[in-house]
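In: show me the folded form of this:
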Amino acid sequence: MVADDCIVGTDALIHPGVAVYPGKTVDAGASVDSSIVWETRRPRSVLGAAGVTGLANLDVTPELAVRLAMAFASTIRRGGRVMVSRDTSRVGRMLARAVMAGL
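Out: Residues are numbered from 1 along each chain as shown. Below is the predicted model of the structure:
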């Protein structure tokens with residue numbers, strides 16, 4: 001479902017069962033697999049030149065952190081070591097724990 005006053009870019013993919021609430025923007029080429037309720041836009045990708053960027057718990061969710069950590073872990077040889085670091089915020093703690101779970 002795409003509500004009123006939404007902008008959906010070319011080649012954007014909105015998966016079945018996903019709702020895009022009023023006034024939201026979906027970037028060109030984005031793949032939307034969860035409903036866009038609170039955030040104003042869904043970027044094409046959270047991966048950029050500066051690493052992973054986006055709003056915590058909206059663009060960068062614990063689920064995303066787990067999936068990224070699992071992908072990263074698949075590139076590490078058996079017995080390899082990884083260090084996880086964070087700041088003192090609650091969001092940092094949540095995302096660091098999600099990364100550790102994914103690893």
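
In: all the strands of this structure, in order from the start?
Out: Here the chain has its strands, by DSSP state E, at 7-8, 13-14, 25-26, 31-32, 41-42, 47-48, 51-52.

In: neighbouring contacts of the second one?
Out: In this case it means strand 13-14. Strand 13-14 is contacted from outside by 2, 8, 20, 26, 30-32, using Cβ atoms under 8 Å, 6 or more residues apart in numbering. Glycine gets a C-beta too; all of them are placed from N, C-alpha and C.

In: of the residues you listed, select the buried ones using a PyMOL command.
Out: The PyMOL selection below is limited to those of the contacts of strand 13-14 classed as buried (16 or more other Cβ atoms under 10 Å):
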select buried, resi 2+8+20+26+30+32
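
In: adding pLDDT and distance to Val82, write the contacts of strand 13-14 out as a markdown table.
Out: Output for the contacts of strand 13-14, formatted as a markdown table (pLDDT from 0 to 100; distance: Cβ to Cβ, whole Å):
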| residue | pLDDT | distance to Val82 |
| --- | --- | --- |
| Val2 | 90 | 40 |
| Val8 | 91 | 38 |
| Val20 | 89 | 36 |
| Val26 | 86 | 33 |
| Ala30 | 84 | 29 |
| Ser31 | 84 | 28 |
| Val32 | 84 | 30 |
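
In: what sits against the residue of the chain most remote from its centre?
Out: Most distant from the centre of the chain: Gly79, at 28.1 Å, with distances by Cα atoms, centre = their mean. Gly79 makes contact with no residue, according to Cβ under 8 Å, 6+ apart.

In: now Thr53
Out: Contact analysis of Thr53 by Cβ under 8 Å, 6+ apart lists 46, 59-60.
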